[in-house]
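pasting the sequence and the predicted coordinates here, then a few questions.
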Amino acid sequence: MASSAEAAAAMAAAPSASGRRSMSWGSSISQSFRQAEADDPFGRAASQQGHDDDEENLRWAALEKLPTYDRMRRGVIRTALLHHDGGGDGGGAAAAAKDGRMELVDIQKLAAGNLGRALLDRVFQDDSERFLRRLRDRIDMVGIELPTIEVRYEQLSIQAEVFVGSRALPTLTNAATNVLQGLIGRFGSSNKRTINILQDVSGIIKPSRMTLLLGPPSSGKSTLMRALTGKLDKNLKVSGDITYCGHTFSEFYPERTSAYVSQYDLHNAEMTVRETLDFSGRCLGIGARYDMLAELARRERNAGIKPDPEIDAFMKATAVQGHKTNITTDVTLKALGLDICADIIIGDEMIRGISGGQKKRVTTGEMLTGPARALFMDEISTGLDSSSTFEIVKYIGHLVHVMNETVMISLLQPPPETYNLFDDIILLSEGYIVYHGPRENILEFFENAGFRCPERKGIADFLQEVTSKKDQQQYWYHDQERYRYVSVPEFAQRFKSFHVGQKMQKEMQIPYDKSSTHPAALTTTKYGLSSWESLRAVMSREWLLMKRNSFIYIFKVTQLIILAFMSMTVFLRTKMPSGTISDGTKFLGALTFSLITILFNGFAELQLTIKKLPVFYKHRDFLFFPAWTFGVANILLKVPVSLVEAAVWVVLTYYVMGFAPSAGR
């Protein structure tokens, strides 16, 4: 019995030991797998990456099922960007890189604000060329052609009739004489002198090539740029032809097709840098971005192509209309190095603001926020250090070479590293084009004429001086031949026989095929916004300026109250007698004093309006908005203020001065 019991116990113990051994083997295997997983972080990362890719594909599939209208207003972005606090330190981009979870969001949230800036930090990453290349690669993948603009000017001559000497000074006598001579000039000749600014110049500004305009002061650079952008003074005499893709100015609006960056910085001092660029982008509009994006999405859907979600969300955000701000503003701020002063007021001589170099960059950025694909920039390096000039020109070069834009930049003395960023050079002197062609051939042209640039001399400085009668001789290098001054007209004639000039003439003889013009290249609408939207934009800006100048309005009301109390003591009476003429003079005196007080109280508003006129003229000429919107906005905002001031005066003084208390009076 005992032996049988022991045997049974042994048999019962055997499976238990077997179970324990199997359990220990299972735990050992699990532990081995866990150890292997810990030792192989790449496997875990690959697994997580696969999970993230599956989640992204699901989100993208949900987006593709939406109608076109809704699909253009939704995007797939990383969840970490939705919780970015907008610190501007790139934390959102870093967090998004770690957190791969994707989420379907409304593009309206990305169009402006901290979320849009976090997305921009993610896609821009301080590399403008890589950023633009990602945009271009997506466009090229479905075969969409970007609009390009070729600008031609043929036999262009510009003359001005002006007074010279003391007769040209802006004095009261000269102004009165000008009016009289203007009337007499209709029936006879005037004594004005004719000045030739440009003399029979011809050339082609090509897309995808950076063009540098060089020349000494008063050579006609600004006039040429203004002529090419349709912003010449109407008093100038112009002859010759200017065409965009074979179309004359009467067929489109050059003010909106091209952007002219003036050398003068005209801005509202009370607005911040971001507010200035936001207003510019809002008025200029988004152009054909939405139409191109809709076509891009349609082709990608038909071809089964899934774009980069972040690039897709960014491009959709740039095409959003109706907001006071847009992510395009943040792109311009980052590209021009203005993000560090984006929320600082611009300032002027009386208000402390940004520096002069930053103002120059704001002037450039004001035009870059618009949809224009032809940029003409006049002396954008004034007030900038060489490093800032290089970075700005480098970014513009990326726009030209990657996005096929047309750009001509005028610089006075560009450093060598900036000069080498350009593809073509136009040398203008005394109204003649001395050279217009590739940068690599310009030294060859002058060497054929007998002039060589010294090794330690900057090429740009050499080109500025070689046409000058005072500085030309030092560059003569033919020791066997006697130096002879070569005039500017002679240089211009030599260029026509130079192989670059001959090639240019052959290209000019071939007319541009107008049928090949991209539909979105030329702008045929006068304004970027409707009349109602323009009025809203201008009213929003004027209301902002009124809030920034609120001290003046508070001071005006306070001053009015003080004067009202003073008037109450002078004309204090419970009832004004009205029986005699002498009594009537008291009425007249009180009314006259009241009228003069209200009149002089409005002079402060007059000063503010005059101060804004230069900016208004610039925006009007560049077709930011119709001129009437500025007047209507000021009437709607300023007249109620004047009525309130008059009401304050009447309430305080009417009964105390003894005027008739009846309601009918």
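Cool, the structure landed.

which residues of the stretch 101-250 of the chain fall in strands?
Taking DSSP state E, counting those that start in this stretch to define them, one finds strands in the stretch 101-250 of the chain at 102-106, 151-162, 193-205, 210-214, 237-244.

helix or strand next in line after the last one, which one?
Meaning strand 237-244. helix 254-257 (DSSP states H and E).

where does pLDDT dip in the stretch 401-550 of the chain?
For the stretch 401-550 of the chain, no stretch is flagged by pLDDT under 70.

returning to that earlier point: highest average neighbour count across the strands of the stretch 101-250 of the chain?
Among the strands of the stretch 101-250 of the chain, strand 210-214 has the highest mean neighbour count (mean count of other Cβ atoms under 10 Å), at a mean of 24. Every residue, glycine included, has its C-beta placed from N, CA and C.

and stretch 474-490, how far out from the chain middle?
45 Å (Cα atoms, centre = their mean, to the nearest Å).

and what of stretch 115-134?
Chain-centre distance of stretch 115-134: 17 Å, with Cα atoms, centre = their mean.

closest one to Thr328 among the strands of the stretch 101-250 of the chain?
With Cβ to Cβ, the closest approach to Thr328 among the strands of the stretch 101-250 of the chain belongs to strand 102-106: 18.3 Å.

CA atoms only: put that closest one into CSV for me.
Output of strand 102-106 as CSV, limited to C-alpha atoms (Å, rounded to 0.1, in the frame of the first residue of the first chain):
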residue,chain,number,x,y,z
MET,A,102,-1.5,62.1,-37.8
GLU,A,103,-4.8,63.9,-37.6
LEU,A,104,-7.3,65.4,-40.0
VAL,A,105,-7.6,69.2,-39.4
ASP,A,106,-9.4,72.2,-40.8
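
same for it, what does it pack against?
helix 41-64, strand 74-78, helix 79-82 (3 or more Cβ pairs under 8 Å, 6 or more residues apart in numbering; DSSP states H and E).

can you list the strands that it pairs with?
Sheet pairing for strand 102-106, assigned by DSSP bridges, gives strand 74-78 (antiparallel).

could you list the low-confidence segments of the stretch 201-350 of the chain?
Checking the stretch 201-350 of the chain against pLDDT under 70 turns up 287-288, 322.

could you do the stretch 51-200 of the chain as well?
Looking at the stretch 51-200 of the chain by pLDDT under 70, you get 51-56, 59-60, 62, 67-70, 78-102, 111-113, 184-190.

follow-up on the earlier one: quick one: closest of the strands of the stretch 101-250 of the chain to Glu481.
Nearest to Glu481, of the strands of the stretch 101-250 of the chain and by Cβ to Cβ, is strand 210-214 at 27.0 Å.

tell me the strands beside that closest one, with direction?
Sheet pairing for strand 210-214, using DSSP bridges, gives strand 406-410 (parallel), strand 424-429 (parallel).

by how many degrees do that strand and strand 151-162 diverge?
20 degrees (axes from the mean of the first three to the mean of the last three Cα atoms, to 10 degrees).

strand 210-214 vs strand 193-205, what angle?
Using the same axes, to 10 degrees: strand 210-214 against strand 193-205 is 160 degrees.

keeping just the C-alphas, turn strand 210-214 into CSV.
C-alpha atoms of strand 210-214 as CSV (Å, rounded to 0.1, in the frame of the first residue of the first chain):
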residue,chain,number,x,y,z
MET,A,210,18.5,86.5,-62.0
THR,A,211,19.2,89.9,-63.7
LEU,A,212,21.4,92.5,-62.0
LEU,A,213,21.0,96.1,-63.1
LEU,A,214,24.2,98.1,-62.6
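
hmm, who's touching that strand?
With Cβ atoms under 8 Å, 6 or more residues apart in numbering as the test, strand 210-214 has contacts from 205, 221, 224-225, 393, 396-397, 400-401, 407-411, 414, 419, 421-428, 439, 460, 463-464.

still on that earlier bit, including distance to Ala520, could the strands paired with strand 210-214 go into a markdown table?
Below are the strands paired with strand 210-214 laid out as a markdown table (distance: least, Cβ to Cβ, whole Å):
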| stretch | distance to Ala520 |
| --- | --- |
| strand 406-410 | 14 |
| strand 424-429 | 25 |
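
out of these, which is closest to Leu156?
So among the strands paired with strand 210-214, strand 424-429 is nearest, using Cβ to Cβ, at 11.6 Å.

residues making contact with that closest one?
201, 203, 206, 209-216, 219-221, 224, 408, 433-439, 442, 463, 467, 488, 491.

again, 7 Å this time
When contacts are defined by Cβ atoms under 7 Å, 6 or more residues apart in numbering, strand 424-429 is touched by residues 203, 209, 211-216, 219-221, 224, 433-439, 442, 463, 467, 488.

buried ones among these?
Buried subset of these (neighbour count, 16 or more other Cβ atoms under 10 Å): 203, 209, 211-216, 219-221, 224, 433-437, 439, 442, 463, 467, 488.

out of the residues you listed, which sit inside helices?
Judged by DSSP state H, these include 221, 224, 442, 463, 488 as members of helices.

thinking again about what came up before, and the strands of the stretch 101-250 of the chain: which comes nearest Thr325?
Closest among those, using Cβ to Cβ: strand 102-106, at 16.1 Å.

can you get me a residue count around the nearest residue to Glu129 once chain neighbours are set aside?
Nearest residue to Glu129, sequence neighbours excluded (Cβ to Cβ, 6 or more residues apart in numbering): His398, at 4.6 Å. His398 has 20 neighbours, counted by other Cβ atoms under 10 Å.

secondary structure class for His398?
Three-state assignment for His398 (DSSP: H, G, I helix; E, B strand; the rest coil): helix.

can you pull the contacts of it?
Contacts of His398 (Cβ under 7 Å, 6+ apart): 128-129, 132.

need the residues you listed in JSON lines (columns: distance to Val142).
Converted to JSON lines, these look like this (distance: Cβ to Cβ, whole Å):
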{"residue": "Ser128", "distance to Val142": "23"}
{"residue": "Glu129", "distance to Val142": "22"}
{"residue": "Leu132", "distance to Val142": "17"}
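
neighbour-wise, which of these leads?
Ser128 (20 neighbours).

tell me if I'm right that that one and Gly337 touch.
No: using Cβ atoms under 7 Å as the test, Ser128 is too far from Gly337 to be in contact (11.2 Å).

picking that back up, among the ones in helices among the buried ones among the contacts of strand 424-429, which pair sits farthest apart?
Across these, the longest distance by Cβ to Cβ is 18.0 Å; it joins Leu224 and Ile442.

list the contacts of the closest residue to Arg289 other than its chain neighbours.
For Arg289, ignoring the flanking residues on the chain, the nearest one in space by Cβ to Cβ, 6+ apart is Ala319 at 4.3 Å. When contacts are counted by Cβ under 7 Å, 6+ apart, Ala319 touches 286, 289-290, 293.

might one say that Arg226 is in contact with Asp233?
No: counting by Cβ under 7 Å, Arg226 stays clear of Asp233, with 8.1 Å between them.

out of those two, which sits in the busier spot?
Neighbours per residue (other Cβ under 10 Å) separate Arg226 from Asp233, with Arg226 holding more: 18 against 10.

contact partners for the more buried one?
Taking Cβ under 7 Å, 6+ apart, one finds 232, 260 in contact with Arg226.

how many residues are close by the residue nearest to His518 when sequence neighbours are not counted?
Nearest residue to His518 in three dimensions, chain neighbours excluded: Pro147, at 3.7 Å (Cβ to Cβ, 6+ apart). By the criterion of other Cβ under 10 Å, Pro147 has 20 neighbours.

touching, Pro147 and Thr517? I think so.
No: using Cβ under 7 Å, Pro147 is not in contact with Thr517; the gap is 8.3 Å.

please report how far Gly437 lies from Leu375.
Between Gly437 and Leu375 the computed distance is 20 Å (Cβ to Cβ, to the nearest Å).
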